[in-house]
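Asks: Give me the fold of what follows.
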Amino acid sequence: MVLILSLPFMLLYNGTRGKKLKYFFYVYYPLHVYLLVILARVLA
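Replies: Model (predicted):
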């Protein structure tokens, strides 16, 4: 079922790489974990 939904995106792929978001994820991942920890402490 999921294959049917992803097939159009696979057919649109032209072989070029997308935007480089490496540094975005270096910041995003620790930041969102930190925010989840703070949220858990506030709700506890």
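Asks: Three-state assignment for Lys19, please.
Replies: Following DSSP: H, G, I helix; E, B strand; the rest coil, we place Lys19 in the coil state.
Asks: Which pLDDT value goes with it?
Replies: Reported pLDDT at Lys19 in the predicted model: 82.
Asks: That one: neighbouring residues, count only.
Replies: Lys19 has 6 neighbours, counted by other Cβ atoms under 10 Å. Any C-beta I mention is one placed from the backbone N, CA and C, and that applies to glycine too.
Asks: Please apply the same query to Tyr13.
Replies: A total of 8 residues lie near Tyr13 under the criterion other Cβ under 10 Å.
Asks: worst-scoring helix or strand of this structure, pLDDT-wise?
Replies: Ranked by mean pLDDT, DSSP states H and E, the helix or strand of the chain with the weakest confidence is helix 2-12, at a mean of 90.
Asks: out of all of them, which helix in the protein is the longest?
Replies: Determined from DSSP state H, the single longest helix within the chain is helix 22-43.
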